[in-house]
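**Q** Quick one: sequence plus predicted model below, questions after.
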Amino acid sequence: MRRVTLLAGVALVSVVVLLALVSFVWTPYDPVRVDPSARLLGPSAAHWLGTDGFGIDIASRIMVAAQTCLLVGVIAVGIAALVGVPIGIGSGLLGGWFSEVVMRVTDVLYAFPALLLAILLAAAFGASTWTAMIAIGIATIPAFARVARAGTVQVMASDYVLAARSCGTGRAAIAGRHILPNVAPVVGVQASVAFGIAILAEAALSYLGLATPPPTPTWGRMLRDAQTYLFTEPSLALWPGLAIAVAVLGFNLLGDGLRDLLDPKLREQAR
């Protein structure tokens, strides 16, 4: 069952990545070209998923929007991991009042979700892809910090780390040799789950007009544009909604599969 979950996640994620990679070199039509004579066409051999209210090919927009989706996920998760993991490891390594202060700061960050941060950044710097990436990344830092801290505390209590400390090994060396390799799998699982959350958050921000501005296609903006035709052409909302669902489900399944594969406790239970 663990392998089924992992393989399903890899398959769905591969579809999204493949769409993005192919769109760099080829799309059926220009994803921003308006053709009033081809408005609201249904799926056909010429337009696989039909056209939207501006006569733009939906399949081409779906493919190009996958680029933005993956870019936001990579940058946002990268920001969260690069900031959150060192903070979490430092908190678990030093302990005491420093750990308490760090955990309370992360609690405060939880009170500022990505949507609120995006609104603040958009008001200050304007809506853009970078606004969405930074807002989502900052909002995800506490999750990485908590995961890294929990793994660090567990490693610090192990016998081999106690032996290393008794031999005079410094904290920096312990963090590099023992803590980081042991928390890396857990951080990887968190990154996969956070990637799916980032994609969903970016879609929500695009829907509200707080992320990538037009004419660059995004799945969230496609949903917003389809709202006008929801009762006359519901398929306009179906395709971007399905793309978001596939991407989020794929990364969540990938994270669950990696957790089951890498977690030693779950491996022991399976035996």
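**A** Cool, got the structure.

**Q** residues touching the residue with the largest distance to the centre of the chain, list them.
**A** Distance to the chain centre peaks in the chain at C167, reaching 41.3 Å (criterion: CA atoms, centre = their mean). Residues near C167 by CB atoms under 8 Å, 6 or more residues apart in numbering: none. Backbone N, C-alpha and C define where each C-beta goes, glycine included.

**Q** distance of it from E233?
**A** C167 sits 70 Å away from E233, going by CB to CB, to the nearest Å.

**Q** in the longest helix along the chain, what counts as buried?
**A** Of all segments of type helix in the chain, defined using DSSP state H, the longest is helix 58-94. Neighbour counts over helix 58-94 (16 or more other CB atoms under 10 Å) mark 58-73, 75-77, 79-81, 83-85, 87-93 as buried.

**Q** cool, and stretch 197-217?
**A** Residues of stretch 197-217 classed as buried by neighbour count (16+ other CB under 10 Å): 197-208, 210-212, 216-217.

**Q** Ok, stretch 215-224 next?
**A** Buried-residue list, stretch 215-224, by 16+ other CB under 10 Å: 216-224.

**Q** likewise stretch 39-48?
**A** Neighbour-count burial for stretch 39-48 [16+ other CB under 10 Å]: 41, 47.

**Q** repeat for stretch 148-159
**A** 148-149, 151-153, 155-156.

**Q** and what of stretch 177-192?
**A** 178-180, 183, 185-187, 189-192.

**Q** ok, and what's touching that stretch?
**A** Contacts for stretch 177-192 (CB under 8 Å, 6+ apart): 9, 77, 81, 85, 88-89, 92-93, 143-144, 147-148, 150-152, 154-156, 158, 160-161, 164, 169, 251-252, 254-255, 258-259, 262-263.

**Q** shouldn't S44 be in contact with T51?
**A** No - using CB atoms under 8 Å, S44 is not in contact with T51; the gap is 9.5 Å.

**Q** What is the least confident helix or strand in the chain?
**A** helix 264-270 (a mean of 49; mean pLDDT, DSSP states H and E).

**Q** I'd like to know how far A124 sits from A118.
**A** For A124, the distance to A118 - CB to CB - is 11 Å.

**Q** For burial, what's the neighbour tally of P113?
**A** 14 (other CB atoms under 10 Å).
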